[in-house]
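**Q** Build the 3D model from these lines:
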Amino acid sequence: MQVVTLITTPTERNLDAALVDNLRNAWGGGDANWLGIDEAAEFVVPTTPENRWSVWEDLQQACVDLVVQPLQGRRKKMLLADMDSTMIRQECIDELAAEAGVGARVADITVRAMNGELDFEDALIERVGLLKGLPETMIAQVLDQRITYMPGGYELVSTMKANGAYAALVSGGFTAFTTRVAAALGFDENRANTLIAADGQLTGDVGRPILGKTAKVEALQEITARIGISAEDVMAVGDGANDLGMLKLAGIGVALHAKPTVQAECEIRINHGDLTALLYLQGYSRDEFVS
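**A** Numbers count the residues shown, from 1 in each chain. Next up, the predicted model:
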């Protein structure tokens, strides 16, 4: 059995009941279960509909995300999350670069790297090199003034943890940021790259080995082995090409507001919902959210 989930933008909350019923009838689904009033609904179908992706494209025009996945085993025991443009709205290196006066140059490299056009490690080394001489105190200033959290992140982490899940933040960004973000959102652990500083300034170098696409897969494997679960028990979320490895390995891999090249390789795509969409995908209703 498959479960079909329809999710719209939480700020608008305009999921049409008629739309849900029409699709349910067309696909021979069971009764609709509303997980969030005017925001998220689900129903069960015997098999994945053949016209799933054409319907998905139509619904995107209506700001509705459509996901079809196996009904069984969808409540996961671990959350593995990217940070930049996933748990926070920004790319931390781009914000540092803006303060260093090289924002446009670094942002261009970031976009190309996240689209998979550039090798992630080479792109990171090049971007960090452009930060050479930036006062180390600028990191705290960027965190305080330029970083904002993606809506729904606290609810996602808190609700999954309240139901026994483990939460890990694994980023190609920097520990100076993941430490703060992980603590604020309640993650059990965080992993990221280390910016090297000397005499109060960034040296333009990053610690080795660099945490990239392979390291995120390794983190998934290491953590699941340590806590005694399998990759199938993991929900992973990210937006960039360096996240694809973990997204494909996890039981549920969510491309969240992801780059087009990343979406093209993922079965589960959330473009309109926020991070609470990941709870709806697991069958949690809004009245079960921990906020």
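
**Q** any chance you could map the helices in the chain?
**A** Per DSSP state H, the chain carries helices over the ranges 17-26, 52-61, 92-100, 103-114, 120-129, 138-145, 153-162, 175-185, 213-227, 244-249, 260-263, 277-280.

**Q** Can you name the residues in contact with the third one?
**A** Outside of helix 92-100, the residues within contact range by C-beta atoms under 8 Å, 6 or more residues apart in numbering are 83-84, 103, 105-107, 110, 124, 127-128, 130-131, 133-134, 138-139, 141-142, 146-147, 173-174, 177. Every residue, glycine included, has its C-beta placed from N, CA and C.

**Q** could you flag which of these are buried?
**A** Neighbour counting with 16 or more other C-beta atoms under 10 Å marks 83-84, 106-107, 110, 124, 127-128, 130-131, 134, 138-139, 142, 146-147, 173-174, 177 as buried within the contacts of helix 92-100.

**Q** that older thread, so which of the helices of the chain is the most surrounded?
**A** Compared across those, helix 277-280 shows the largest average neighbour count, a mean of 27 (mean count of other C-beta atoms under 10 Å).

**Q** which helices and strands does that one pack with?
**A** strand 2-8, strand 40-45, helix 153-162, strand 252-256 (3 or more C-beta pairs under 8 Å, 6 or more residues apart in numbering; DSSP states H and E).

**Q** can you redo those as CSV with mean pLDDT and distance to residue 56?
**A** What follows is those, written out as CSV (pLDDT from 0 to 100; distance: least, C-beta to C-beta, whole Å):
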stretch, mean pLDDT, distance to residue 56
strand 2-8, 98, 10
strand 40-45, 98, 14
helix 153-162, 98, 23
strand 252-256, 98, 13
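
**Q** quick one, which of the ones you listed is nearest to residue 53?
**A** strand 2-8 (13.1 Å; C-beta to C-beta).

**Q** Could you check the pLDDT of the residue lying closest to residue 179 once chain neighbours are set aside?
**A** Leaving aside its chain neighbours, residue 179 sits nearest to residue 190 (6.3 Å; criterion: C-beta to C-beta, 6 or more residues apart in numbering). You'll see residue 190 listed with a pLDDT of 98.

**Q** Please apply the same query to residue 167.
**A** Looking at residue 167, its pLDDT is 98.

**Q** Mind listing the residues bridging to it?
**A** residue 79 (DSSP bridges).

**Q** excluding its backbone neighbours, what's nearest residue 243?
**A** residue 82 (5.2 Å).

**Q** Residue 46 and residue 1, how far apart?
**A** Distance from residue 46 to residue 1, counting by C-beta to C-beta, to the nearest Å: 7 Å.

**Q** for residue 164, same thing?
**A** In terms of C-beta to C-beta, residue 164 sits 24 Å off from residue 1.

**Q** How about residue 15?
**A** In terms of C-beta to C-beta, residue 15 sits 22 Å off from residue 1.

**Q** that older thread, show me what contacts the residue nearest to residue 243?
**A** Taking C-beta under 8 Å, 6+ apart as the test, what residue 82 contacts is 170-172, 216, 237-240, 243.

**Q** What does the pLDDT read for it?
**A** 97.

**Q** Mind giving me the packing neighbours of the lowest-mean-pLDDT helix or strand in the chain?
**A** Lowest on mean pLDDT, DSSP states H and E among the helices and strands of the chain sits helix 103-114, with a mean of 89. Counting contacts by 3+ C-beta pairs under 8 Å, 6+ apart, helix 103-114 is packed against helix 92-100, helix 120-129.
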